[in-house]
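In: Sequence and predicted model, in that order:
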Amino acid sequence: MPRLKQVPRSEAPDDILKLYDMLFGDRDPVAEPGTETGTPGNWWTVFAVVPDVFRHAVAGFALYRSPKRKIDPKLRELGQTRAGYLRGSQFVFSQHCKAMRSVGFGEAQVEAIPAWQTADCFSDLERAVLAYTDALVLDGGRVADATFERLREGLSDEEILEFTYITCTYELHATMSRALRLEYDDVDERVVEIPAPGDGAALDVMRGVDEAGPES
C-alpha cells in the first residue's frame, strides 16, 4: 500500500474527478484500483491529496507532450526511461519502456537501456543523450564538457533545455514513486540482513574473530 492516504471519488475536486473518470470509469479508484494499462493507479489517488500538486504534475505531462516541443520524442523517451532505471523506479522504467516502443524504438534498444554503454544499437546522438542523462541523474548535473559538446553537435539550445527539464522531472517522479511506494514501486527493501544458520553460533564465531584481531 502507498505510504500516504488516497483520495476516493467522493472527495475529489471536480477537475480531478474528470481525470478519474478518464482513467477508472465510474469506479472508485481507491476501493477498486487498476487502470487499462495494468497499473494500480495509486499515483493519481495519492497526488490528489494536494490538488495543486496534482494539477502541477498533470500540467507537466501536457507540457512534455505538447506539439510545441522541439525535442524529438524518441530522445525524450530515452531520457525518461534511463532516468527511471537509474533511480531504481520499477514504475517509471516500466511505463517508459512501453513509451519507447510507441515512438519507434525496437525491442533490442529497449532491452539495452540498462547497459547502453556496451550496446551497438544506438546512434551517436542517442548515445550522447544517454551519457547526458547519466550525468544529470547519477552525477547530479555534473556534466563533462566533452559530453555536452557532443550533445550540442546534434541538438539546439532549445532542445537541450527541453530535454534537461523533462529528464529531471522524471527523475523527480521516479524518486517520489519510490519514497511514497506508489504503483510498481510498492516493494519492500531488499537489502536486509539474511540470518545465518544457527545465528547465535555464527555471532560467537564473529565475536571471536573480532577479539583475536588482524594478527591472529
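Out: On my side now, so go ahead.

In: Which residue ranges make up each domain of this structure?
Out: 1-68, 70-180 (automatic domain parsing).

In: Any idea how many residues pack against residue 147?
Out: Neighbour count for residue 147, taken as other CB atoms under 10 Å: 16. Where C-beta positions appear, they are placed from N, C-alpha and C, glycine not excepted.

In: For it, grab phi and psi.
Out: Dihedral pair for residue 147: phi -70, psi -40, per degrees, to the nearest 10.

In: which residues does it contact?
Out: For residue 147, the contacting residues are 128, 131, 132, 135, by CB atoms under 8 Å, 6 or more residues apart in numbering.

In: doesn't residue 74 make contact with residue 105?
Out: Yes. Residue 105 is within contact range of residue 74, at 6.6 Å (criterion: CB atoms under 8 Å).

In: More neighbours: which of those two?
Out: Using other CB under 10 Å as the criterion, residue 105 and residue 74 rank with residue 105 on top: 21 against 17.

In: Quick one, grab the pLDDT at that one.
Out: Per-residue pLDDT puts residue 105 at 98.

In: any idea how far it lies from residue 72?
Out: 12 Å (CB to CB, to the nearest Å).

In: could you dump the helix ranked longest in the chain to CSV, C-alpha only?
Out: The helix that spans the most residues within the chain, counting by DSSP state H, is helix 157-180. Provided in CSV are the C-alpha atoms of helix 157-180 (Å, rounded to 0.1, in the frame of the first residue of the first chain):
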residue,chain,number,x,y,z
ASP,A,157,19.8,25.1,-27.2
GLU,A,158,16.0,24.9,-27.1
GLU,A,159,16.1,21.1,-27.5
ILE,A,160,18.7,20.7,-24.8
LEU,A,161,16.8,22.8,-22.3
GLU,A,162,13.6,20.9,-23.0
PHE,A,163,15.4,17.6,-22.7
THR,A,164,17.1,18.6,-19.4
TYR,A,165,13.8,19.8,-17.9
ILE,A,166,11.8,16.7,-18.9
THR,A,167,14.5,14.3,-17.8
CYS,A,168,15.0,15.9,-14.4
THR,A,169,11.2,16.0,-14.0
TYR,A,170,11.1,12.2,-14.4
GLU,A,171,14.0,11.7,-12.0
LEU,A,172,11.7,13.6,-9.6
HIS,A,173,8.7,11.3,-10.4
ALA,A,174,10.9,8.2,-10.0
THR,A,175,12.2,9.4,-6.6
MET,A,176,8.8,10.2,-5.3
SER,A,177,7.3,6.9,-6.5
ARG,A,178,9.9,5.0,-4.6
ALA,A,179,9.7,7.2,-1.4
LEU,A,180,5.9,7.0,-1.3
